[in-house]
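1. The following comprises the amino acid sequence and a computationally predicted model.
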Amino acid sequence: MTSTLAHLRHALVALVLASAITGCASLPPPTSELAAAQQAVARADAADADQYAGAEIAAARSALAQAQAAMSAGDDEDARRLALRAAAEGDLAHARSRAAAARALHAQRRAEVSELQARLAADAATDMPLPPEPGATAGAYAARLQALAADPRLNTFAALERLQAQQALDALAQARSRDRAEAESIADRRVRAAEAAAWAQAVERDAERLEREARDLQLEATRREAAEARAEADRLRLEAQVRAEEAERLRQQALAEEQARQQAEQALQGATTQQAARVSAAREKELALAREEAALVAGAELPPVRRTERGEVFTLAGDAFPSGQSTLTAAALARLKALAAYVDLAQASGVRVEGHTDAQGDAQANLALSERRAEAVRRALVQAGVPAARIEAEGRGAAQPVSDNASAAGRAKNRRVEIVVQTK
C-alpha cells in the first residue's frame, strides 16, 4: 500500500470512528460527509442506478435527504451518520450499475467476435474464463475482502472501493455495541461495492480485448472479400478475352457469306456489350471493397467521391483548410491517408489534384491560393505513400465553379480541392 493510500485509510478510519463515538469532543459540521454522499448519489444516477440497483439508490436518496434535514436542524451527529450511510448505499448502487453495464457490453462484444469467426470459418480463441459475478452474500466480510485481494483476476481492480471496505471493517471492529448495527450495515455495503466494482472492471477490460479482436477480424474479412472480388474480376476479364477471340474467329469464317458475317458481327457486339457490362460491374465492386479496406487500414473515411469520364473524383471541401490558408487540418490529413491507401489498393495509373476557390476577392490571389492548396494535397499524398511521379497538381482559382457564387452556400461548394484518380 502506498503512503498516499495509507494516509487515506487512516483518515477514513478516524472519520468513521469519530462518527461512531458519542460523547466525545465536538466535531466540525459534517459538510464533507454530506458532499461525499451527494457525489455518490450523483454518480449512481448517472450510471442508471434506477434500472440496475433500484433498492440501493432509493435507500441512498432517503438517507441523504434525512442527513440534510438533520444538518438543517443542527443535529450534526445524526447528519454525519446518515451521510455515511447514504455514501455507502450510493457507491454500492453505482458499482452494481457498472457491473450490469459491463455484463451487457461484454455479451455484445462476444457476439460480434463469434459472428466474425463464423463468417471467416476461424477457430474460436481460447478465452480465460471470467471470474464469477458476485452474488448477494452476507457476512464474512474480512474473508471476502481477503479473497478479493488474493484473486489474480481481480486484485488489480477497484483499489479505492477495496480501501473503503477495509476502512468500514476497521470501524466495525472499533464500534460500540449501540453503534454496531449501523457499522455492520455500512461494512456490508462497502464490501459488496468492492466486489461488484472489481468484477465490473475485470469484465470491462476483457470487453476491450474482445473489441480489438473484432476489429482485427473485420479487417481480415474485408481483405478476403476484396481478394475474392479481384479474383472474380480477373476471371471475367479472361472469359471476355476468350469470347472475343471466339467471336473474331467466327467473323473471319463468315467473310465469304455476307449474311453469316452480319450474324457474327451481331453476336460479337452483343457478347462484347454484355461482357463489358459484367467486367465493369465486377471492377466497380472491386474498387468499392478497396475503398472500404483503405478506410479500415487508415482508420478514417475517404473524401466523398463521384465517377466522371475523367475517373473517380474525390472532393475535399473548403473546411479542409483554415480560411484563406493552405495548411491541411488533421481531419483532412487523415482522409488523404485513407485515399493514398486506396490509390495503392486500386492500382491507380495516375492522380491529378486541382484546387478551386470562390469568386470573392482578387482573382490572382485566388489563383495563388488554389495552387498552394493543390500543392499541399499533393505533398500529403506523397508523404502517405503515393509516388510523386504519379501525381499532378494545378490551381484553377475561381475559373470552374460548381455552384452560384452569389450565395454563401454556393461559394462554400466552390471552395474545394478535387483529386482525380484514374483507375483501369
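-> Received the coordinates, thanks. What you see is a predicted model, and the numbers here were worked out from it, not measured in a lab.
2. Check the offset of the helix ranked longest in the chain from the chain's centre.
-> Across the chain, the helix with the greatest residue count (assigned by DSSP state H) is helix 180-253. Here the centre of helix 180-253 is set off from its chain's centre by 14 Å, with CA atoms, centre = their mean, to the nearest Å.
3. Whichever helix or strand comes after it to helix 180-253, inter-axis angle?
-> Once the chain leaves helix 180-253, the next helix or strand it forms, by DSSP states H and E, is helix 258-298. Comparing the axes of helix 258-298 and helix 180-253 via axes from the mean of the first three to the mean of the last three CA atoms, to 10 degrees yields an angle of 160 degrees.
4. Mind listing what's buried along whichever helix or strand comes after helix 258-298?
-> Using DSSP H and E, the helix or strand that follows helix 258-298 towards the C-terminus is strand 305-308. Going by neighbour count (16 or more other CB atoms under 10 Å), the buried part of strand 305-308 is Val305. Every C-beta, even on glycine, is put in place using the N, C-alpha and C of the backbone.
5. Can you give me the domain boundaries for the protein?
-> Annotated domains of the chain cover 3-216, 222-296, 300-422 [automatic domain parsing].
6. Now mean pLDDT too, for those, in CSV please.
-> Written out in CSV, the entries for those read as follows (pLDDT from 0 to 100):
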stretch, mean pLDDT
domain 3-216, 84
domain 222-296, 83
domain 300-422, 94
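7. Need the outlier residue of this structure, farthest from its centre.
-> Ala256 (69.3 Å; CA atoms, centre = their mean).
8. Check the spacing between that residue and Leu345 real quick.
-> Applying CB to CB, to the nearest Å, one obtains 49 Å for the distance of Ala256 from Leu345.
9. cool, and Pro303?
-> On the measure of CB to CB, Pro303 and Leu345 end up 16 Å apart.
10. give the contact list for the residue most central in space within the chain.
-> Central residue check for the chain by CA atoms, centre = their mean: the C-alpha nearest the mean position is that of Glu211, 9.3 Å away. Contact partners of Glu211, counting by CB atoms under 8 Å, 6 or more residues apart in numbering, are Arg109.
11. Distance-wise, check it relative to Leu296.
-> Computed as CB to CB, the Glu211 to Leu296 distance reads 14 Å.
12. try Gly410
-> With the distance defined as CB to CB, Gly410 ends up 35 Å from Leu296.
13. And Ala331, by the same measure?
-> Summarising the geometry, the distance separating Ala331 from Leu296, computed by CB to CB, is 17 Å.
14. higher neighbour count, the two?
-> Residue environment comparison for Ala331 versus Leu296 gives the larger neighbour count to Leu296, 17 against 13, counting by other CB atoms under 10 Å.
15. show me what contacts that one?
-> 218-219, 222.
16. Over to Arg223?
-> Arg223 makes contact with Glu293 under the criterion CB under 8 Å, 6+ apart.
17. How about Val41?
-> The neighbours of Val41, taking CB under 8 Å, 6+ apart as the test, are 57, 60-61, 64, 86, 90.
18. Buried ones among those?
-> Buried residues within these, counting neighbours by 16+ other CB under 10 Å: 57, 60-61, 64, 86, 90.
19. and which of those residues is nearest to Leu154?
-> Taking CB to CB as the measure, Gly90 is the one of these closest to Leu154, at 22.2 Å.
20. give me the element the nearest residue to the closest one once chain neighbours are set aside is part of.
-> Counting by CB to CB, 6 or more residues apart in numbering, the nearest residue to Gly90 once its immediate chain neighbours are dropped is Ala40, at 3.0 Å. In this structure, Ala40 is located in helix 31-46 according to DSSP H and E.
21. So which bits of that helix are buried?
-> By 16+ other CB under 10 Å, the buried positions in helix 31-46 come out as 33-34, 36-38, 40-41, 43-45.
22. okay, stretch 313-326 in PDB with CA atoms only?
-> Output for stretch 313-326, consisting of C-alpha atoms alone and laid out as PDB, is shown next (Å, rounded to 0.1, in the frame of the first residue of the first chain):
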ATOM      1  CA  VAL A 313     -13.200  12.400 -58.400                       C
ATOM      2  CA  PHE A 314     -12.700  12.700 -54.600                       C
ATOM      3  CA  THR A 315     -13.600  16.200 -53.200                       C
ATOM      4  CA  LEU A 316     -12.100  17.900 -50.200                       C
ATOM      5  CA  ALA A 317     -14.400  20.700 -49.100                       C
ATOM      6  CA  GLY A 318     -13.200  24.100 -48.200                       C
ATOM      7  CA  ASP A 319     -13.200  23.300 -44.400                       C
ATOM      8  CA  ALA A 320     -10.100  21.100 -45.100                       C
ATOM      9  CA  PHE A 321      -8.100  24.300 -44.700                       C
ATOM     10  CA  PRO A 322      -8.400  27.200 -42.300                       C
ATOM     11  CA  SER A 323      -9.900  30.200 -44.000                       C
ATOM     12  CA  GLY A 324      -7.500  31.800 -46.500                       C
ATOM     13  CA  GLN A 325      -4.700  29.300 -45.700                       C
ATOM     14  CA  SER A 326      -3.200  26.300 -47.400                       C
END
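23. what distance separates it from the middle of the whole chain?
-> Remark: stretch 313-326 is offset 26 Å from the chain centroid, using CA atoms, centre = their mean.
24. In that stretch, which residues are buried?
-> Quick answer for stretch 313-326 (16+ other CB under 10 Å): 313-316, 318, 320-321, 326.
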